[in-house]
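[1] have a look; sequence and predicted model below, questions after that.
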Amino acid sequence: MKVKLLCKAALALAAVGLFASAASAAYKSEYKLSVVPGASSGWGQTATFFADCVRKKSNGRINIKPYFGAQLMAGKQTSELLLVRRGAIDFALASTINWSPQIKELNLTALPFFIANNPDRYKALDAIEKGKSGKMLEKAIEKTGVKFIGWSENGFRELTTSKGPIEKPEDMKGMKLRVCGTPIFIDIFTKLGANPQAINWSEAVTGFQQGIVDGQENPTNGINVPTKVWQWHKYSTDWHYMIDPLFFTANKKVWDEFTPEDKELILSCAVNAELYGKALSRLGNDDGSALEYLKKIGKEPAVTDPKGELRKNGMTVTEYTPAMVKEFYDATKSVRDDWTKKIGPDLVKAAEEDMKSAQ
């Protein structure tokens with residue numbers, strides 16, 4: 001009897017092994033992961049961290065390869081969602097900004113000074129992503145037909161200019177500033193008296209060099225330091241006017257082809273990548289937790305004081321007080337009111353409640 005039972009157990013295990021082997025054999029030799037900026041950006045490093053984690057945990061069975069510089073969409077960032085949905089792209093570490101033209105709810109974190117006007121802006125953001133409003137955002141993403149896998153972060157977007165410093169709304173009057181081409185950005189900067197220019201990054205650099213464009217907005221850690229923005233600008237305005245959450249997604253058909261065990265494996269790597277991406281984003285801007293975490297996992301970057309790096313290279317960094325943030329918050333009230341209607345009052349209210357719970 002014991003022998004028979006052992007034989008049956010062995011056969012069952014063999015069947016499971018054959019099933020797992022057959023399932024993995026059906027996987028693609030390479031899964032394409034779309035990333036908008038370059039590999040050296042915080043965004044790019046987070047994508048690499050995720051892909052490496054999946055490859056290592058799966059013993060090479062699942063090979064995810066990041067493609068940087070928006071090359072999978074020929075540089076057109078706003079077409080990423082469509083390409084993921086169609087299956088031309090397998091995975092994407094996407095930006096709420098780039099997908100917001102198609103998913104209006106993703107403009108939530110772009111509401112001007114909505115998150116920054118809180119006692120702790122990072123706690124406020126985390127509360128949104130983990131709370132009711134975060135679930136609403138995930139649902140809105142998945143309604144398009146793609147699979148939401150997890151959050152990450154590109155950072156609060158700060159302003160760098162060749163003119164400055166900028167300490168109050170009036171200081172921005174008439175400035176030509178390169179911004180993302182999504183409508184809410186145009187509305188924010190127009191309201192503040194600036195002249196927003198929705199142009200590609202490569203063209204913006206030429207504009208900086210020739211003095212045609214006075215400045216731009218991007219996260220300090222993820223973009224401004226890696227691109228050495230001090231080559232063109234001497235002023236950095238630390239105003240945290242909005243944040244650019246990132247999120248991992250997958251083509252639905254691709255996702256459904258993974259076994260339940262491999263889905264869990266990928267999700268666990270997304271959790272780890274979220275911790276890593278947020279640490280890169282928050283380094284030098286929090287209570288020191290980000291640096292401590294990066295040291296713990298052996299991923300301490302060469303630059304551990306991003307704002308210090310800007311200053312070292314000749315930039316004047318203006319760090320806003322809560323009172324200064326409040327002045328800009330008040331100045332952009334009409335933009336928040338208008339976009340609340342477009343995003344959805346219920347979502348905005350849920351986010352306000354989530355943020356309040358974190359105070």
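    Here it is on my side, so go on.
[2] need the pLDDT of G211.
    G211 is assigned 87 on the pLDDT scale.
[3] was I right about it contacting T161?
    No. At 11.7 Å, G211 and T161 do not qualify as touching, with contact defined as Cβ atoms under 8 Å. Any C-beta I mention is one placed from the backbone N, CA and C, and that applies to glycine too.
[4] which one of these two has more residues nearby?
    Neighbour tally, G211 and T161, criterion other Cβ atoms under 10 Å: the higher count belongs to T161, 25 against 10.
[5] for the residue nearest to that one when sequence neighbours are not counted, give me its contacts.
    Once flanking residues are discounted, T161 sits nearest to G215: 3.2 Å by Cβ to Cβ, 6 or more residues apart in numbering. Neighbouring residues of G215 by Cβ atoms under 8 Å, 6 or more residues apart in numbering: L159, T160, T161, S162, K163, M175, K176, L177, R178, H233, Y235.
[6] most neighbours among these, which one is it?
    Greatest neighbour count in the contacts of G215, by other Cβ under 10 Å, goes to T160: 28 neighbours.
[7] list the buried residues of the helix or strand where it lies.
    Assigned by DSSP states H and E, T160 belongs to strand 146-161. By 16 or more other Cβ atoms under 10 Å, the buried positions in strand 146-161 come out as 146-161.
[8] what does stretch 180-192 give?
    Buried, per 16+ other Cβ under 10 Å, within stretch 180-192: C180, G181, T182, I184, F185, D187, I188, F189, K191, L192.
[9] follow-up on the earlier one: which two in the buried residues of strand 146-161 are spaced the farthest apart?
    K147 and T161 (39.7 Å; Cβ to Cβ).
[10] phi, psi for the residue nearest to T161 please.
    Per-residue torsions, G215: phi -180, psi -170 (degrees, to the nearest 10).
[11] show me where the stretch 51-200 of the chain dips below the pLDDT cut-off.
    Across the stretch 51-200 of the chain, not a single residue meets the criterion (pLDDT under 70).
[12] the stretch 201-350 of the chain: helices as residue ranges?
    Counting by DSSP state H, counting those that start in this stretch, the stretch 201-350 of the chain has helices at residues 201-210, 252-256, 260-282, 289-296, 306-312, 322-331, 333-343, 345-357.
[13] buried deepest among those, which one?
    helix 260-282 (a mean of 20; mean count of other Cβ atoms under 10 Å).
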